[in-house]
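> test case, fold it:
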Amino acid sequence: MRILLLLAAALVAAGCGDKPVEKAPAPRDPLAITANAELAARLQTAAPAFAEVSETLRVSGRIEADETRLARVGSPVTGRITDLEAREGDSVRRGQVLATINSTELSGAQLGFLKATSQRGLAARAAARAQQLLDADVIGTAELQRRQAELAQAEAEVNAARDQLKVLGMSPAALDRLAETRTINSVTQIVATIAGTIIERKVTEGQVVQPADGVFLIADLSRLWVVADVPEQNAGSVRVGETVSVEVAALPERKVAGNLTFVAPTVNPETRTVRARMELPNPEREFKPKMLASMLIKGKPQKRLTLPAQAVVREENRDFVFVRTGENAYRLQPVQLGAEYDGWRVVVSGIGETTAIVVEGAFHLNNERKRRELSGS
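Numbering: from 1, shown residues only. Sure, this is the predicted structure:
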């Protein structure tokens, strides 16, 4: 019985070994698709091509006032502001009065000028009298020379007092009027030195100011600067005269083209950047200082492998292209691409120059691929 059972088990095992084992179906590739005749007629394939492209460097920048059209206006004397006649944002003309100041320093300097003028008159009369006495042989030449030296000294003191009043802001006409009327006036004015817009006012009425204080900042806003800090590793390709364009965040519909007018000769040791600048015409005052901007700098043309931008498919923040794998068969291939230039993207990696890719109709092909993936077909 034991022998019979062993023989039966062997026969059963042999029978099981002869039964074929079914293989599991291969998993479907979700990135592959075979186009039907209608869809295939809408597709066009080609290989990437080499082309001369100029890489564009995008650098964060800002709009600033043109420093050659900027004036810091202060008080010429130490004194107290008694009247403010201009506010921030006002447009002013050259010579316009901005503030009035009462200054004891100015009145003291005027008093010194009047004293020096009187002393000069006395010295002049004494020298003239000495000349008459010398002609009458009453005094000697030494006395005349002494009085002439006193006159010269008095003249120098008048000139010094006059120059001091000029430094304190008095005009030649006001000096002549002071010498004629001999009336001291301790009131002076702060006037605009250029025509433009007041962009800063740092004082209030009643405040005491000194010559070192900046009271008003005036800027001619008809022309501004766009300033950008170019990273050190890209600074070698940036030169004066190079064509650039500017995009302003506050005015997304505007894109201004121009040329670099300045590239700093040194690197900022703290930020490791090089400052570049473009002049920005602003006749309508639509651009304002401190606005954020982006400067796009074109580099030298280089021969690079490119493909049409319309061939690129964006999936999950990545770039793909459809590669032809057979007759009407395509597969979505990840690629690494550079910037876009006039409708072309630079190929960094992922495909070669002989790879056939879909250059027209990639959008429709990808929609069909996703539809089939959702339906499971």
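
> wait, residue 333 touches residue 319, no?
No - using C-beta atoms under 8 Å, residue 333 is not in contact with residue 319; the gap is 9.8 Å. The way it works is simple: take the backbone N, C-alpha and C, and place the C-beta from them, glycine included.

> who touches both of those two?
Common contacts of residue 333 and residue 319 (C-beta atoms under 8 Å, 6 or more residues apart in numbering): none found.

> what's next to whatever helix or strand residue 364 lives in, contact-wise?
Element membership of residue 364, judged by DSSP states H and E, is helix 362-375. Helix 362-375 has contacts (C-beta under 8 Å, 6+ apart) with 30-31, 33, 35, 39, 42-43, 310-313, 315, 321-322, 330, 332, 358.

> what mean pLDDT does it have?
The average pLDDT within helix 362-375 is 88.

> how far does it sit from its chain's centre?
From the chain centre to the centre of helix 362-375 is a distance of 45 Å (C-alpha atoms, centre = their mean, to the nearest Å).

> rewinding a little: in strands, which of the contacts of helix 362-375 fall?
33, 313, 315, 321-322, 330, 332, 358 (DSSP state E).

> same list (these) but as CSV, adding neighbour count and distance to residue 182.
Below are the ones in strands among the contacts of helix 362-375 laid out as CSV (neighbours: other C-beta atoms under 10 Å; distance: C-beta to C-beta, whole Å):
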residue, neighbour count, distance to residue 182
33, 23, 102
313, 21, 90
315, 12, 90
321, 26, 92
322, 26, 96
330, 26, 101
332, 20, 96
358, 26, 96
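
> of these, closest to residue 246?
Nearest to residue 246 out of these is residue 313 (C-beta to C-beta; 31.5 Å).

> in the sheet, who's paired with the closest one?
residue 320 (DSSP bridges).

> wait, what's in contact with it?
Contact partners of residue 313, counting by C-beta under 8 Å, 6+ apart, are 319-322, 332, 362-363, 366.

> which pair in the residues you listed spans the largest distance?
Using C-beta to C-beta, the contacts of residue 313 span at most 13.7 Å, a distance reached by 319 and 363.

> and those two? Which one has more around it.
residue 319 (18 against 13; other C-beta atoms under 10 Å).

> make TSV out of the ones in strands among the contacts of helix 362-375 and add distance to residue 124.
Formatted as TSV, these follow (distance: C-beta to C-beta, whole Å):
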residue	distance to residue 124
33	109
313	98
315	98
321	98
322	103
330	107
332	103
358	102
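
> I'd like the residues you listed as JSON lines, with distance to residue 57 and pLDDT appended.
Output for the ones in strands among the contacts of helix 362-375, formatted as JSON lines (distance: C-beta to C-beta, whole Å; pLDDT from 0 to 100):
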{"residue": "33", "distance to residue 57": "38", "pLDDT": "89"}
{"residue": "313", "distance to residue 57": "27", "pLDDT": "93"}
{"residue": "315", "distance to residue 57": "28", "pLDDT": "88"}
{"residue": "321", "distance to residue 57": "25", "pLDDT": "94"}
{"residue": "322", "distance to residue 57": "31", "pLDDT": "93"}
{"residue": "330", "distance to residue 57": "35", "pLDDT": "93"}
{"residue": "332", "distance to residue 57": "31", "pLDDT": "92"}
{"residue": "358", "distance to residue 57": "31", "pLDDT": "93"}
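
> could I get the full set of strands for the stretch 251-377 of the chain?
For the stretch 251-377 of the chain, the strands defined by DSSP state E, counting those that start in this stretch cover 251-263, 273-281, 292-308, 313-315, 318-326, 329-341, 344-349, 357-360.

> no further queries at this time; thank you.
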